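> Task: produce atomic coordinates for the following.
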Amino acid sequence: MSFPPYSEQRRSLVEQFVKQAGVTDNRVLKALLFVPRHEFVPKQYHEQAYADHPLSIGNEQTISQPSLVGLMTQLLKLKGDEKVLEIGTGSGYQAAILSFLAKEVVSIERIKQLADRARKKLKSLGFSNVIVLTGDGSKGYEKKSPYDCIIVTAAAQEIPRAFVKQLKEHGRLVIPVHTNGAQILKVGIKKKGIMQFTDIEQVSFVPMVVDK
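All right, here's what the predicted structure looks like:
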């Protein structure tokens, strides 16, 4: 696969914003240089696709700014042989980045229209190691568990128990969580069945919707 359109804009984005945000993992930087973000946004936003800010993808959802995508992906510390669960497919851009870096990606999206669109887009671009499912992401996807890593792109009120259960021992969970009136991006490592979290930075995501 090769995506020459906007390649210089991607390089400029990585140099000016992604690296400045603290992303130093060369594999993550290569993924951001390779994956065509403009393919995952509506055509009217193609010219804005390599600015470092969120963009609307419809259904009151957004695609996150590339520097944050890079930071969250770096926190997973992927080596290439992992199975990753993503909660909140959205446009499919984060799944494409993960596809470049991991062995297998399972991505869950609540909104069927977005899931269908992302599935079609990822397939058309050749990202063949991603499975996109429609459903309540807060329940994870037990059938494919356990996972080496879980990444969440919606802010949770609390850590869903399903994530802890479906994560491998020493696996990593990256998730924004409502904490004291703010959303805090956290990275957790599962040790002896218990999650140990570190706060990273304040962020802003759409809320995670949980079925009752």
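
> so where's this protein shaky on pLDDT?
Across the chain, the ranges flagged by pLDDT under 70 are 1-4, 212.

> could you pull out the strands for it?
For the chain, applying DSSP state E gives strands covering 55-58, 61-63, 83-87, 104-109, 130-134, 147-152, 167-179, 182-191, 194-203.

> can you put those in TSV and add distance to E158?
For glycine as for every other residue, the C-beta is placed from the backbone atoms N, C-alpha and C. As requested, those are exported to TSV (distance: least, C-beta to C-beta, whole Å):
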stretch	distance to E158
strand 55-58	27
strand 61-63	22
strand 83-87	14
strand 104-109	18
strand 130-134	23
strand 147-152	12
strand 167-179	7
strand 182-191	12
strand 194-203	12
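
> would JSON lines of those with mean neighbour count and distance to F34 be doable?
As requested, the strands of the chain are exported to JSON lines (neighbours: other C-beta atoms under 10 Å; distance: least, C-beta to C-beta, whole Å):
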{"stretch": "strand 55-58", "mean neighbour count": "17", "distance to F34": "19"}
{"stretch": "strand 61-63", "mean neighbour count": "21", "distance to F34": "17"}
{"stretch": "strand 83-87", "mean neighbour count": "25", "distance to F34": "17"}
{"stretch": "strand 104-109", "mean neighbour count": "24", "distance to F34": "15"}
{"stretch": "strand 130-134", "mean neighbour count": "18", "distance to F34": "15"}
{"stretch": "strand 147-152", "mean neighbour count": "25", "distance to F34": "18"}
{"stretch": "strand 167-179", "mean neighbour count": "19", "distance to F34": "21"}
{"stretch": "strand 182-191", "mean neighbour count": "18", "distance to F34": "24"}
{"stretch": "strand 194-203", "mean neighbour count": "13", "distance to F34": "24"}
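
> right, and those - which one's nearest E47?
strand 55-58 (10.8 Å; C-beta to C-beta).

> What lies in contact with the closest one?
With contacts defined as C-beta atoms under 8 Å, 6 or more residues apart in numbering, strand 55-58 is touched by F40, V41, P42, Y45, Q48, A49, T62, I63, G90, S91, Q113, L114.

> what pairs with that strand, and is each one parallel or antiparallel?
strand 61-63 (antiparallel) (DSSP bridges).

> Quick check: nearest residue in space to the residue most central in space within the chain, chain neighbours excluded?
Of all residues in the chain, the one closest to the mean position by C-alpha atoms, centre = their mean is Q94, 3.9 Å from it. Leaving aside its sequence neighbours, Q94 sits nearest to V69 (C-beta to C-beta, 6 or more residues apart in numbering; 5.7 Å).

> cool, S64 as well?
S64's closest residue in space is P54 (C-beta to C-beta, 6+ apart), at 5.7 Å.

> is it true that the one you found touches Q61?
No. Counting by C-beta atoms under 8 Å, P54 does not reach Q61; the two are 9.7 Å apart.

> What is the end-to-end distance of stretch 31-40?
15 Å (C-alpha to C-alpha, to the nearest Å).

> try stretch 52-70
11 Å.

> for that stretch, the distance to its chain's centre please.
Relative to the centre of its chain, stretch 52-70 is centred 10 Å away, using C-alpha atoms, centre = their mean, to the nearest Å.

> Can you give me the distance of the spatially closest residue to S145 that is not a sequence neighbour to K120?
Using C-beta to C-beta, 6+ apart and skipping the chain neighbours, the partner closest in space to S145 is Q166 (3.7 Å). As judged by C-beta to C-beta, to the nearest Å, Q166 and K120 stand 27 Å apart.
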